[in-house]
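J.: give me the fold of what follows.
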Amino acid sequence: MNSFFNNIRHYRSALGQIVREHIEFRVQILQLARADIVKTYRGSALGWLWAVIKPSVTIFVFWFAFTIGLRSGKPVNGYPFFLWLVSGIVPWFYMSEMLTQGSKSLSRYNYLVTKIKFPVSTISTFVSLSKLYVHLALMGVVVVLFLAFGYPIDIYYLQLPVYLFLMFFFFTLWTLFAAPLAAVSKDFANVISSFVTAIFWMSGIMWDVNRIGSPLMKKILLFNPVTFLATGYRNVFIYKQWFWEDQFALAAFTVMLLGMALLALYTYEKLRHEIADVL
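T.: Just a heads-up that it's a prediction; the model follows:
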């Protein structure tokens with residue numbers, strides 16, 4: 001019982017410190033988020049525009065492959081397969097970046113920890129925020145695509161900020177959990193990188209989760225946050241469903257979100273004093 005209450009106190013202490021650090025360094029977080037985009041594409045003539053151009057080229061390739069080349073992929077809920085695919089793969093661009101680059105954020109910005117003594121917890125936030133800026137620009141491309149295909153903006157678009165926030169919050173917590181572990185163990189970062197492709201193919205990005213024959217398997221998949229978020233974006237653009245209508249999916253994601261929050265707080269509390277020495 002004493003151990004349980006000690007853990008609660010540790011979690012509260014870690015959470016309080018993280019909140020204080022974010023309030024104190026809120027201006028620097030915004031500045032470093034913008035600087036992260038510049039740093040990523042430094043040396044190129046178009047600069048940060050490459051953050052939008054590269055995924056847009058991928059989207060064009062998918063359009064050409066499924067519309068002009070293969071001419072495959074049946075319409076989903078009355079929408080062309082290409083639009084169904086794009087509405088799920090654009091959030092995946094953000095999620096895959098956070099899975100890989102997010103876990104390496106402390107190694108990438110080790111000088112902030114070792115030389116400037118910048119708060120460790122805020123690094124995950126500004127890295128996630130910089131990826132979110134790019135994601136917002138790509139979502140603008142998606143909206144334009146739907147308009148170009150003759151599908152106007154409707155009331156379901158109002159829930160886009162909900163999915164944006166949930167995705168940002170979950171993967172910021174993921175980075176807070178994964179980055180310290182990756183800094184301590186390079187094997188952990190390599191394991192994450194090797195599993196990204198598997199996560200892509202198993203999360204319903206390229207296939208319709210709603211067409212799974214087994215209800216049990218579908219429920220198991222909904223405990224995958226990537227599946228929930230990709231399906232959520234498609235609920236906005238394709239399925240026209242509100243986020244609260246599938247109560248099981250929302251409950252499953254909430255469980256995973258709380259679990260990730262606890263893991264992030266635990267890892268941060270245990271490793272934050274060792275990170276500077278490891279880096």
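J.: ok, the residue lying closest to Tyr109 once chain neighbours are set aside - contacts?
T.: Nearest non-adjacent residue to Tyr109, counting by CB to CB, 6 or more residues apart in numbering: Ile123, 5.5 Å away. Quick note: C-beta positions are derived from backbone N, CA and C, even for glycine. Residues near Ile123 by CB atoms under 8 Å, 6 or more residues apart in numbering: 105-106, 109, 112-113, 179.
J.: where does the prediction get shaky in the stretch 101-250 of the chain?
T.: Counting by pLDDT under 70, the stretch 101-250 of the chain contains no low-confidence residues.
J.: how about the helices in it?
T.: Ranges of helices within the stretch 101-250 of the chain are 105-108, 110-114, 120-148, 160-184, 186-202, 215-221, 225-234, 247-271, based on DSSP state H, counting those that start in this stretch.
J.: of the ones you listed, flag the one that's most buried.
T.: Each of those was scored by mean neighbour count; the highest is helix 225-234, a mean of 24, by mean count of other CB atoms under 10 Å.
J.: among the helices of the stretch 101-250 of the chain, which is nearest Lys74?
T.: With distances scored as CB to CB, the stretch of those nearest to Lys74 is helix 225-234 (15.0 Å).
J.: which other helices and strands does the closest one contact?
T.: Packed against helix 225-234 by the contact rule (3 or more CB pairs under 8 Å, 6 or more residues apart in numbering; DSSP states H and E) you find helix 81-100, helix 160-184, helix 247-271.
J.: export that helix as CSV, just CAs?
T.: This file holds the C-alpha atoms of helix 225-234, laid out as CSV (Å, rounded to 0.1, in the frame of the first residue of the first chain):
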residue,chain,number,x,y,z
PRO,A,225,-4.1,4.3,-31.5
VAL,A,226,-2.9,4.5,-35.1
THR,A,227,-6.1,2.6,-36.2
PHE,A,228,-8.3,4.8,-34.1
LEU,A,229,-6.9,8.0,-35.4
ALA,A,230,-6.7,7.0,-39.1
THR,A,231,-10.3,5.8,-38.9
GLY,A,232,-11.3,9.0,-37.1
TYR,A,233,-10.0,11.1,-40.0
ARG,A,234,-11.9,8.9,-42.4
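J.: need the residues that contact stretch 154-174.
T.: Residues outside stretch 154-174 that contact it (CB under 8 Å, 6+ apart) are 91, 94-95, 98-99, 102, 124-125, 128-129, 132, 135-136, 139, 143, 225, 229, 232-233, 235-237, 240-243, 253, 256-257, 260-261, 263-264.
J.: point to the residue nearest the middle of this protein.
T.: Nearest to the mean C-alpha position of the chain, counting by CA atoms, centre = their mean, stands Met95 at 3.2 Å.
J.: ok, and the closest non-adjacent residue to it?
T.: With CB to CB, 6+ apart, the residue lying closest to Met95 is Val226, at 5.7 Å.
J.: how close does the one you found get to Val120?
T.: Taking CB to CB, to the nearest Å as the criterion, Val226 is separated from Val120 by 26 Å.
J.: on that earlier part again, do you know which of the helices of the stretch 101-250 of the chain lies nearest His22?
T.: Relative to His22, the nearest member of these by CB to CB is helix 120-148, separated by 6.1 Å.
J.: can you give the distance of that closest one from its chain's centre?
T.: 9 Å (CA atoms, centre = their mean, to the nearest Å).
J.: got the angle for that helix vs helix 247-271?
T.: With axes from the mean of the first three to the mean of the last three CA atoms, to 10 degrees as the basis, helix 120-148 and helix 247-271 are set at 150 degrees to each other.
J.: could I get the contacts of Ile123 as a markdown table with distance to Phe82?
T.: Supplementary listing: the contacts of Ile123 in a markdown table, determined by distance: CB to CB, whole Å:
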| residue | distance to Phe82 |
| --- | --- |
| Ser105 | 33 |
| Leu106 | 38 |
| Tyr109 | 38 |
| Leu112 | 41 |
| Val113 | 44 |
| Ala179 | 35 |
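J.: which two of these have the greatest separation?
T.: Distances among the contacts of Ile123 were taken as CB to CB; the most separated pair is Leu112 and Ala179, at 11.9 Å.
J.: excluding chain neighbours, what is closest to Ala230?
T.: Gly88 (4.3 Å).
J.: ok now do that neighbour, which residues does it touch?
T.: Per CB under 8 Å, 6+ apart, neighbours of Gly88: 204-205, 230-231, 233-234.
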